[in-house]
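[1] here are the coordinates; sequence isn't available:
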């Protein structure tokens, strides 16, 4: 899988606020290492959280990361479908369409 291209705005934040962005990266690393969940599971959870907040970029990013960590396309889609009783069908359908964007990329 190709390395994810970072959004321009994110790259600008890294350039303009390197200390802040490093602190955010360090926090992300610390929370990933704080427990027993593997990288695939962590990214599926974060993708689901992004879907509940309707954050398209977050869904894209964490779906890509989950796939890179060994998740199957079916696992990515299932992680979204199981949200239907919590966030509703329209939100799940939207998130599934965002994951489908990855097929076209």
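    Good, I have the coordinates. Predicted, not measured: the structure shown is a model, and the values here were computed from it.
[2] make it CA atoms for all contacts and neighbour counts henceforth
    Fine.
[3] By mean pLDDT, flag the weakest helix or strand of the protein.
    Counting by mean pLDDT, DSSP states H and E, the chain has its least confident helix or strand at helix 89-104, which shows a mean of 91.
[4] List of residues touching it?
    For helix 89-104, the external contacting residues (C-alpha atoms under 8 Å, 6 or more residues apart in numbering) are 51-52, 54, 56, 59-60, 63-64, 77, 80-81, 83-84.
[5] Please list only the buried members of those.
    With burial judged by 16 or more other C-alpha atoms under 10 Å, the buried subset of these is 51-52, 56, 59-60, 63-64, 77, 80-81, 83.
[6] Nearest to residue 43 among those residues?
    For the buried ones among the contacts of helix 89-104, the minimum distance to residue 43 (C-alpha to C-alpha) is 7.0 Å, reached by residue 63.
[7] Look up the pLDDT of the residue lying farthest from the centre of the chain for me, please.
    Within the chain, the residue lying farthest from the chain centre (C-alpha atoms, centre = their mean) is residue 16, at 23.8 Å. Note on residue 16: pLDDT of 98.
[8] in the chain, what spans have low per-residue confidence?
    Applying pLDDT under 70 to the chain flags residues 1-4, 104-105.
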